[in-house]
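Student: what shape does this take:
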Amino acid sequence: MFNFNNEICKRILQCSLNDLCSVQNETGVQVGQHEDVCTMEIHSIEKTSLSVSTEEVPLSSKNGVTDVVPENELTSNKTCKAPKAGEKAPKEAIQSWKKNGFSSLIIAAPEQDAWSLVKDLLPLLAYSAPFAVYHQYLQPLVTSMHNLQLEKMAIGLQISEPWLREYQVLPSRTHPCMQMSGTGGYILSGTRMYTTCHDLSF
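Tutor: So this is what the prediction gives:
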């Protein structure tokens, strides 16, 4: 979908909401689980260190003399397929997210109930971490904002309306779509705060 390089693709992982909630339940924290399995693309917070093998591989040349070439040079010459983004997250990564929390959260699932997603996913954030929720309609975000204020789960809440114009791209006929919506949807943003009465942290 995007032209990410290999390093970025290796850091894009995928994990279901049920798996994250099951990790929480193992530690004795009760979190409401969603009926639908919501798949999220999760960007790992920590940079993964790459270990490069330096083993030497003998190569026979035409004149009979054996050349010794490092293995990393051999692998660099081969045209390897780019790693696919969105691979399943390993258990170690999930444990790391459980310990540290996520540094940010972006929700863009207009077909799902906005408040249910926010209620389930916001406890996975680290404290003072920002979040943003997109929806094509205003009312679900207003409901979510009201509930967040009542339960004192976030501060700095605001709803903004981004400007969006969709284009139809054709050779020599690029123009705005004739039947596009008058709005680009709405975004609810805020910052997770620490509360003692609603502490769902890990």
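Student: how about residue 138, nearest residue that isn't a chain neighbour?
Tutor: Take residue 138 and drop its neighbours on the chain: the residue closest to it by C-beta to C-beta, 6 or more residues apart in numbering is residue 186, 5.2 Å away. The C-beta positions use only the backbone N, C-alpha and C, and glycine is treated the same way.
Student: hang on, that neighbour packs against residue 164?
Tutor: No - taking C-beta atoms under 8 Å as the definition, residue 186 is not a contact partner of residue 164, at 11.0 Å.
Student: number of nearby residues for the residue nearest to residue 138?
Tutor: 19 (other C-beta atoms under 10 Å).
Student: could you measure from it over to residue 129?
Tutor: Look at residue 186 and residue 129: by C-beta to C-beta, to the nearest Å, they are 21 Å apart.
Student: low-scoring stretches of this structure, by residue?
Tutor: Of all residues in the chain, those with pLDDT under 70 make up the ranges 1-3, 22-85, 180-183, 196-202.
Student: domain parsing for it?
Tutor: The record's domain split for the chain, according to automatic domain parsing, is 1-45+66-99, 101-202.
Student: kindly list the longest helix within this structure.
Tutor: helix 139-151 (DSSP state H).
Student: who's in contact with whichever helix or strand comes after that one?
Tutor: Read in the C-terminal direction, the helix or strand following helix 139-151 is strand 154-160, with elements assigned using DSSP states H and E. With contacts defined as C-beta atoms under 8 Å, 6 or more residues apart in numbering, strand 154-160 is touched by 122, 131, 138, 141-142, 145, 148-149, 186-193.
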